[in-house]
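[1] What follows is a protein structure lacking sequence information:
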């Protein structure tokens, strides 16, 4: 009675955003790239989704300044390794632990900053291009999939 032959496949991208889900349909993977490009452009135009390079640098500087305070290492940072080694045992342990927390925190901040700068640079490159790389746009949107209000799912559906 009804034909059972599959005619084509379609992709449904569902963006799970703060005020609800938005759904987009694409006939192929290039279509997914065009959807990703559209979402990235909208979010950049909104002005609050992604920071500028200048905002990233200011934030990073502030984060680095607060890292010592948060690790309770401010006073210990002024000492040389030799001075820390010469401290009484109980105080030396406290200093070493605080300095290690500080180093770990700074390493994480540096890694995160490097990733954010790479994202912003790639975003500017894609959005500034006359012929944007659709695979790169999709990859960039996918990179943000772990951030609050930026996750999305893609379902592949058969169209008859």
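    Thanks, I have the structure now. All values reported here derive from a predicted model rather than from experimental measurement.

[2] pLDDT wise, what is residue 4 at?
    Looking at residue 4, its pLDDT reads 60.

[3] actually residue 25, not the one I wrote
    Residue 25 is assigned a pLDDT of 97 by the prediction.

[4] Give me the below-cutoff pLDDT ranges for the protein.
    Scanning the chain for pLDDT under 70 picks out the ranges 1-6.

[5] Please enumerate the helices of it.
    Assigned by DSSP state H, the helices in the chain fall at 29-46, 53-70, 81-85, 89-128, 134-143.

[6] now those helices as CSV including mean neighbour count and distance to residue 7?
    Backbone N, C-alpha and C define where each C-beta goes, glycine included. Below are those laid out as CSV (neighbours: other CB atoms under 10 Å; distance: least, CB to CB, whole Å):
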stretch, mean neighbour count, distance to residue 7
helix 29-46, 17, 16
helix 53-70, 13, 47
helix 81-85, 10, 71
helix 89-128, 14, 33
helix 134-143, 18, 24
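
[7] In TSV, list those helices along with distance to residue 8.
    What follows is these, written out as TSV (distance: least, CB to CB, whole Å):
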stretch	distance to residue 8
helix 29-46	12
helix 53-70	42
helix 81-85	66
helix 89-128	28
helix 134-143	19
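
[8] Can you say which of the ones you listed is nearest to residue 154?
    Residue 154 sits nearest to helix 29-46 of all these, at 6.7 Å, using CB to CB.

[9] list the helices and strands the closest one packs on?
    strand 8-17, strand 20-26, helix 89-128, helix 134-143 (3 or more CB pairs under 8 Å, 6 or more residues apart in numbering; DSSP states H and E).

[10] Would you mind giving the ones you listed as a markdown table with distance to residue 83 added?
    Output for those, formatted as a markdown table (distance: least, CB to CB, whole Å):
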| stretch | distance to residue 83 |
| --- | --- |
| strand 8-17 | 52 |
| strand 20-26 | 58 |
| helix 89-128 | 9 |
| helix 134-143 | 43 |
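
[11] closest to residue 53 out of those?
    Using CB to CB, the helices and strands packed on helix 29-46 put helix 89-128 closest to residue 53, at 5.6 Å.

[12] Quick check: chain neighbours aside, which residue is closest to the residue nearest the centre of the chain?
    Centroid-nearest residue in the chain: residue 144, 5.0 Å away (criterion: CA atoms, centre = their mean). Leaving aside its chain neighbours, residue 144 sits nearest to residue 150 (4.4 Å; criterion: CB to CB, 6 or more residues apart in numbering).
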